[in-house]
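**Q** Model the structure of this input:
(2 chains)
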Number of protein chains: 2
Amino acid sequence: MAKLLYRANDLREYVVRFFKKHGISDEDSKIIADILVAADLRGVDSHGVIRLDTYYGSRIRRGLIAVKPEIKVLNETATTLALDGGAGMGQVVGYYAMTRCIEKARESGISMVTVRNSNHYGIAGYYAMMALPYDMIGISFTNSQPLVAPTYGRTALLGTNPIAVAVPAGKQRPYVLDMATSIVPIGRITVYQKAGKEIPEGWGIDKDGQVTRDPNAVLKGGALMPLGGTDIMRGYKGYGLSLLVDIFSGVLSGAATGPEVGRPNTNLPADVGHFFAAVRIDAFRPLEEFKEHLDRYIQLLKDAPKAAGQERIYIHGEKEFELTEKYEREGVPLMEEVVRQLITTGQEIGVPFDLEVLGRVD
Amino acid sequence: MAKLLYRANDLREYVVRFFKKHGISDEDSKIIADILVAADLRGVDSHGVIRLDTYYGSRIRRGLIAVKPEIKVLNETATTLALDGGAGMGQVVGYYAMTRCIEKARESGISMVTVRNSNHYGIAGYYAMMALPYDMIGISFTNSQPLVAPTYGRTALLGTNPIAVAVPAGKQRPYVLDMATSIVPIGRITVYQKAGKEIPEGWGIDKDGQVTRDPNAVLKGGALMPLGGTDIMRGYKGYGLSLLVDIFSGVLSGAATGPEVGRPNTNLPADVGHFFAAVRIDAFRPLEEFKEHLDRYIQLLKDAPKAAGQERIYIHGEKEFELTEKYEREGVPLMEEVVRQLITTGQEIGVPFDLEVLGRVD
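**A** Numbers count the residues shown, from 1 in each chain, chains lettered A, B, ... in the order given. The predicted model follows:
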């Protein structure tokens, strides 16, 4: 599928114009733009500007997302904070929550923050990475619309509920785990469906709970499988991780949980829940010692013997950092289909998508 | 394989006698006994009395585990604690660390504790569950001997590094996730090898990094695969989780990491690292509200439609609680082979294993 290349900064500025047009402040629009475009830059294009209108704009216009949310403190201690996001944009609420979490960890060594009544917040990894400049470990979880079946079940009850953890290294790039607790996201199934291809066995089940290779069967009444897949491959661990993320993001915060988490395409508030944590490394060990140790460990993994036919062992986040550098230099690729959507929506709402195209890749 | 049934309490008392004979105090021996027998009671017999001599007794006699460890505080704040376990029994050090973690969380809402210079501590879930009577969420990680290859690698560099999280519910049983970050433990491969059976495709790789169904190829120069398995099934997520556990348990604590974590059958100190956390639920949300919410969520999962051919959807920890009740009532099953080992070792060290056999199961 052909892709067009755009300057990351042009995309950010467009996203800012888009949200300001919807009544969101300049400051908040910049936060949202940075998080959305970060997804495209990291190669997680499923969570980037492709969702500008479906997940965000259209829901704002239907009154389902508050453009000037009142973020309320439900509970606060020196180390903890429980927030109500006032049905605001997940990015605005999430950015605020993680900022407060880092502030608290600076004072107290560690901090945890929960959020209820929020919306889809984009890539979980962004918030975890906010801790890196402060030499802290950052953690971010969120629940999400039901797409995953529990082991031995046949209906989608759990979200793809991601786990994101960012850890600063010294000379090496940071370790950044940002993983859905399903095997693949639903968008991956759609890609196979559109291409008319069978999916690998184990990614999804049909409406009877049987593993299927037919993407249509997954999309129509079926469900994604949790990380691990079938019972024999210990899919109940992925199911357990998904439930864990929902316990921290949904139950501990008092947000919606499981099948009650709102789907973006319905006319109901989403009531998404998030969880954030920050950990000062120097509360446990001198920072330089920690970084030197992690550098050494990362190098050991990279230098280790490769499996036959493989050339490289990756550290989590490494591919994404390399893509970001490449896309910042050469332009961010957007699928032509996405560009057409952006142009159409832009015309409708009066924020024309007329950015300079830097090039084209196939 | 035939199994003999023993009273849980008889087993605990035997383990106490065993460790007292090795010079460990009565109090510490009781802690170790409770944790070891808890593994057998929960059906995790790979981590129970089967390891009494191989992982513990024989290492004490070789001077590799300190019987009266000096546990040192390396760093302490109101919320955090970094300990050196003084090469003590992992159970003794782990129990102490989690006890301190819970005390700190009672005061500060949340707490995290790291441990270096420890040994294998048995089942991770035990320490996480210590938080339950205090209406806290308990978390426990540990690193362990290298058995798992990173994605695209072919040598065992990472441990099966477990993640354990225990969350109190109200009327429902607690949620207790206690999972290795590999698909299966190495003992599972050995079971297939002894039975002369092929392993399911994806559990392990051979010395060239190729997926193999031959258990011998995994055991001789091969490695376990991380949760998820192959790249197409997103095994790099399991690899990421294993590395994450090692970052918290090993790098943050300053213990050994990766391939440097000691193997029980060598003549080197293990320098195992652990990580513990405790979270007061009422720091975020009224306890009764939380429990009622989690009860409802658990019931919803249990009541959900089952996959064709399945009768039950489980919550994590549920099977283990049911086994514990059964084994407390009917006796703890030990494989005849394990009983023979216990008898032999008992004779050698002068603590005869002469417990009453309650019955026999096939």
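**Q** For A:Asn143, what are phi and psi?
**A** With angles defined as degrees, to the nearest 10, A:Asn143 sits at phi -90, psi 170.
**Q** my guess is it meets A:Val245, correct?
**A** Yes - counting by CB atoms under 8 Å, A:Asn143 does reach A:Val245; the two are 6.4 Å apart. For glycine as for every other residue, the C-beta is placed from the backbone atoms N, C-alpha and C.
**Q** In terms of neighbours, single out the busier of these two.
**A** A:Asn143 (33 against 26; other CB atoms under 10 Å in any protein chain shown).
**Q** quick one: that one from chain B, how far?
**A** 11 Å (CB to the nearest CB, to the nearest Å).
**Q** Also A:Ala270?
**A** From A:Ala270 to chain B the distance is 17 Å (CB to the nearest CB).
**Q** Next, show the common contact partners of A:Asn143 and A:Val245.
**A** Common contacts of A:Asn143 and A:Val245, defined by CB atoms under 8 Å, 6 or more residues apart in numbering or on different chains, comprise A:159, A:161.
**Q** Look up the closest residue to A:Lys171, ignoring the ones flanking it.
**A** A:Asp295 (5.4 Å; CB to CB, 6 or more residues apart in numbering or on different chains).
**Q** For A:Pro264, give me the pLDDT.
**A** Predicted confidence (pLDDT) for A:Pro264: 88.
**Q** Contact partners for the closest residue to A:Gly258 other than its chain neighbours?
**A** In this structure, A:Gly258 finds its nearest non-sequential neighbour in A:Leu157, 5.1 Å apart by CB to CB, 6+ apart. By CB under 8 Å, 6+ apart, A:Leu157 lies in contact with A:146, A:148-150, A:258-259, B:300-301, B:304.
**Q** and of those residues, the nearest to B:Ile205?
**A** Using CB to CB, A:Val148 comes nearest to B:Ile205 of the contacts of A:Leu157, at 27.2 Å.
**Q** Grab the nearest non-local neighbour of the closest residue to chain B within the stretch 251-362 of chain A.
**A** Residue nearest to chain B within the stretch 251-362 of chain A: A:Ala307 (2.4 Å; CB to the nearest CB). Residue nearest to A:Ala307 in three dimensions, not counting chain neighbours: B:Gly209, with 2.4 Å by CB to CB, 6+ apart.
**Q** A:Leu64 too?
**A** A:Pro269 (5.8 Å).
**Q** ok, residues contacting stretch A:344-362?
**A** A:2-7, A:10-11, A:14, A:17-18, A:21-22, A:52-53, A:57, A:61, A:330-331, A:333, A:339, A:342-343.
**Q** filter these down to the ones near chain B?
**A** Filtering the contacts of stretch A:344-362 for proximity to chain B by CB under 8 Å from any CB of the partner chain leaves nothing.
**Q** Can I have the buried ones of those as a ChimeraX selection?
**A** To isolate the buried ones among the contacts of stretch A:344-362 in ChimeraX, judged by 16 or more other CB atoms under 10 Å in any protein chain shown, type:
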select /A:3,4,5,6,7,10,11,14,17,18,22,52,53,57,331,333,339,342
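**Q** Next, count neighbours for the residue of the stretch 101-250 of chain A found nearest chain B.
**A** Closest residue of the stretch 101-250 of chain A to chain B, CB to the nearest CB: A:Gly209 (2.4 Å). Using other CB under 10 Å, A:Gly209 is surrounded by 21 other residues.
**Q** for it, helix, strand, or coil?
**A** Look at A:Gly209: counting by DSSP: H, G, I helix; E, B strand; the rest coil, its state is coil.
**Q** give the contact list for the residue lying farthest from the centre of chain A.
**A** Distance from the C-alpha centroid of chain A peaks at A:Ala308, with 32.6 Å (CA atoms, centre = their mean). Counting by CB under 8 Å, 6+ apart, A:Ala308 makes contact with B:154, B:208-210.
**Q** Compare those and tell me which has the most neighbours.
**A** Neighbour-wise, these (other CB under 10 Å) top out at B:Arg154, 23 neighbours.
**Q** quick one: pLDDT of that one?
**A** Looking at B:Arg154, the pLDDT reads 97.
**Q** before we move on, back to that, from the contacts of A:Leu157, which ones fall inside helices?
**A** Among these, the residues falling in helices (DSSP state H) are B:300-301.
**Q** closest to A:Tyr236 among the contacts of A:Leu157?
**A** Looking across the contacts of A:Leu157 and measuring by CB to CB, the closest to A:Tyr236 is A:Pro150, at 8.2 Å.
**Q** Tell me, how many residues neighbour A:Ile315?
**A** By other CB under 10 Å, neighbour count at A:Ile315 equals 24.
**Q** Not counting its neighbours along the chain, what's nearest it?
**A** Per CB to CB, 6+ apart, closest to A:Ile315 is A:Ile298, 5.3 Å.
**Q** show me what contacts the one you found?
**A** Per CB under 8 Å, 6+ apart, neighbours of A:Ile298: A:169, A:172, A:175, A:315.
**Q** So what's the residue count around the residue nearest to A:Leu64?
**A** Around A:Pro269 there are 17 residues (other CB under 10 Å).
**Q** What values do phi and psi take at it?
**A** The phi/psi pair for A:Pro269 (degrees, to the nearest 10) is phi -60, psi 150.
**Q** so it makes contact with A:Ala66?
**A** No - assessed by CB under 8 Å, A:Pro269 is found out of contact with A:Ala66, at 9.4 Å.
**Q** shared neighbours of the two, which are they?
**A** A:Ala87.
**Q** Looks to me like A:Asp246 is in a strand.
**A** No - assignment of A:Asp246 by three-state DSSP gives helix, placing it outside any strand.
**Q** Surely it is in contact with A:Ser144?
**A** No - in this structure, A:Asp246 is not within contact of A:Ser144 by CB under 8 Å, at 9.1 Å.
**Q** which residues are in contact with both of these two?
**A** With CB under 8 Å, 6+ apart, A:Asp246 and A:Ser144 have common neighbours A:159, A:161.
**Q** now the helices: where do they sit in the stretch 51-200 of chain A?
**A** A:58-61, A:90-108, A:124-129, A:186-195 (DSSP state H, counting those that start in this stretch).
**Q** which other helices and strands contact the second one?
**A** Contact partners of helix A:90-108 among helices and strands, from 3 or more CB pairs under 8 Å, 6 or more residues apart in numbering or on different chains; DSSP states H and E: helix A:26-41, strand A:80-84, strand A:110-118, helix A:124-129, strand A:136-142, strand A:272-280.
**Q** In a markdown table: the ones you listed, plus mean pLDDT.
**A** As requested, those are arranged in a markdown table below (pLDDT from 0 to 100):
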| stretch | mean pLDDT |
| --- | --- |
| helix A:26-41 | 98 |
| strand A:80-84 | 98 |
| strand A:110-118 | 98 |
| helix A:124-129 | 98 |
| strand A:136-142 | 98 |
| strand A:272-280 | 98 |
